[in-house]
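S.K.: With the sequence up front, the predicted model follows.
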Amino acid sequence: MRVIKHVLTLFTIGLLLIGFQTKSVAGSNIPDNFNQPSENLITGGQPTQVDLQKFKAAGVSKVINLRGPGEAVNFDEKAEAEALGLSYISLPVAGAGDVTAENARKLYQLLQGEEKVVVHCASGNRVGALLAIGAHEVNGKPVEASLEFGRAAGLSSLEPKVRAVLGDEGRQ
């Protein structure tokens, strides 16, 4: 019985250390349901009011919203962000039809600088799509590296659309 108790104690301590190490490696206090594909870029779905406060505490200075005007949110995100001292920009990307190289270039223009930025849509999928396209079209990364960056930012079901924009629709 004593050995089992000792093993369970060690196992519990190990799990705690793993959890602590994961947070330390992430190096930030951003909400768990968001991604940080690069040092000054946080991506994901619709943030809550609490998330905006956490972003402010994490050093974010700008919020870029890719949601279209028809996508309802239960609070005034722009007002909440600005009340926290965050710059707020809307770049509507209504759906797959707006996942274009032109919109990717617009997003990359908004990301210029050294400030920490949050880019979001409803789920992070459009964010990852535009970032993948921009990684290739603006930064000249190879297609697969661009897709990998997009996935790290939230790209999922829009990957075939991104491949089509990048002229790589034959690979999956």
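M.R.: Cool, got the structure.

S.K.: domains for this protein, by residue range?
M.R.: 1-28, 31-165 (automatic domain parsing).

S.K.: Can you find the helix or strand in the chain with the smallest mean pLDDT?
M.R.: For the chain, using mean pLDDT, DSSP states H and E, the weakest element among its helices and strands is helix 2-26, scoring a mean of 37.

S.K.: R126 - that's part of a helix, no?
M.R.: Yes - going by DSSP: H, G, I helix; E, B strand; the rest coil, the assignment for R126 places it inside a helix.

S.K.: That one: how many residues sit nearby?
M.R.: Taking other CB atoms under 10 Å as the neighbour definition, R126 ends up with a count of 29. In this view, the C-beta of every residue, glycine as well, is placed from N, C-alpha and C.

S.K.: Repeat that for T48.
M.R.: For T48, the neighbour count with other CB under 10 Å is 15.

S.K.: And the strands in this structure?
M.R.: 34-38, 41-44, 60-65, 87-90, 116-120 (DSSP state E).

S.K.: State the distance from the spatially most central residue of the chain to Q36.
M.R.: If you average the C-alpha coordinates of the chain and look for the closest C-alpha using CA atoms, centre = their mean, you land on T43, 1.3 Å from that point. When CB to CB, to the nearest Å is applied, the distance between T43 and Q36 equals 8 Å.

S.K.: How about A164?
M.R.: 28 Å.

S.K.: One more: A122?
M.R.: Counting by CB to CB, the gap from A122 to Q36 is 19 Å.

S.K.: that older thread, export the strands of the chain as JSON lines, with columns for mean pLDDT.
M.R.: Putting the strands of the chain into JSON lines (pLDDT from 0 to 100) gives the following:
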{"stretch": "strand 34-38", "mean pLDDT": "96"}
{"stretch": "strand 41-44", "mean pLDDT": "98"}
{"stretch": "strand 60-65", "mean pLDDT": "98"}
{"stretch": "strand 87-90", "mean pLDDT": "98"}
{"stretch": "strand 116-120", "mean pLDDT": "98"}
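
S.K.: Tell me where the protein is predicted with low confidence.
M.R.: Per-residue confidence for the chain (pLDDT under 70) gives these ranges: 1-28, 169-172.

S.K.: Enumerate every residue touching the closest residue to G95 other than its chain neighbours.
M.R.: Using CB to CB, 6 or more residues apart in numbering and skipping residues adjacent in sequence, the residue nearest G95 is G68, 7.4 Å away. Residues touching G68, when contacts are defined by CB atoms under 8 Å, 6 or more residues apart in numbering, comprise P92, V93, A94, G95, D98.
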